[in-house]
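K.L.:
quick one: sequence plus predicted model below, questions after.
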Amino acid sequence: MPNAYHPPGDKRPLVAYATLTGAFGASVGAAALANRRAGRSLPERIGVGDLLLLGVATHKLSRLIARDKVTSFARAPFTRFQEPAGHGEVEEQPRGSGLRLAIGELLVCPYCLAQWIAAGLVAGYVAAPRQTRAVATVYAAETISDFLQAGYRAAVDRA
């Protein structure tokens, strides 16, 4: 779709980006409506501990989806393998055009995925706080383990 936004030859899938943005908004709206119909209201505030737990879990899940070699099967229809990136991660390029390219760009970007994951975790927190905390704890513990593994490796390499 040629327009004045991007230079000739650049194929930014603006319509596909708008589609993904609409899907995100519709998903958040659907979760809010489902919670309202179930009689659940938003908490007055989210405590610092829960915020940190959800934040660390969001970080881990976004990297797991975007970069982990074991989850590459889910990205494969939208990406092309480039090279190993160390510690069980891979580098991939989005491929295709239109919606396929936009989804590929989303799937290889942990920063981009974080918004979707955080929204899902917060929706889960409102609907089922105990279960969401349990799931988030798994990924927060895994993140702590990742940092300990990296610290251990750095200590062994220095020795």
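P.N.:
Noted; the coordinates are in hand. Note that the structure is a prediction, hence the values are computed from the model and not measured.
K.L.:
tell me which element the residue sitting nearest the centre point of the chain falls in.
P.N.:
In the chain, the C-alpha nearest the mean C-alpha coordinate belongs to residue 113, at 2.8 Å (CA atoms, centre = their mean). Residue 113 belongs to helix 110-127 when assigned by DSSP states H and E.
K.L.:
any low-confidence regions in this protein?
P.N.:
The model of the chain has pLDDT under 70 over residues 1-4.
K.L.:
sec struct for residue 93, please.
P.N.:
strand (DSSP: H, G, I helix; E, B strand; the rest coil).
K.L.:
phi, psi for the closest residue to it other than its chain neighbours please.
P.N.:
For residue 93, ignoring the flanking residues on the chain, the nearest one in space by CB to CB, 6 or more residues apart in numbering is residue 80 at 4.9 Å. Any C-beta I mention is one placed from the backbone N, CA and C, and that applies to glycine too. When read as degrees, to the nearest 10, the backbone of residue 80 gives phi -130, psi 130.
K.L.:
about what we covered before: how far does the helix holding residue 113 sit from its chain's centre?
P.N.:
8 Å (CA atoms, centre = their mean, to the nearest Å).
K.L.:
got a list of contacts for stretch 66-81?
P.N.:
Contact with stretch 66-81 is made by 64-65, 84-85, 88-96, 100-101, 103-104, 107-110, 113, as judged by CB atoms under 8 Å, 6 or more residues apart in numbering.
K.L.:
list the contacts of the residue nearest to residue 41 when sequence neighbours are not counted.
P.N.:
By the measure of CB to CB, 6+ apart, the closest residue to residue 41 outside its immediate chain neighbours is residue 35, 7.7 Å from it. Shown in contact with residue 35 (CB under 8 Å, 6+ apart): 41-42, 123, 126-127.
K.L.:
for those, which one is nearest residue 7?
P.N.:
Residue 7 lies nearest to residue 123 out of the contacts of residue 35, by CB to CB, at 38.7 Å.
K.L.:
ok, the closest one touching residue 31?
P.N.:
Yes: between residue 123 and residue 31 there is a contact at 3.8 Å, judged by CB atoms under 8 Å.
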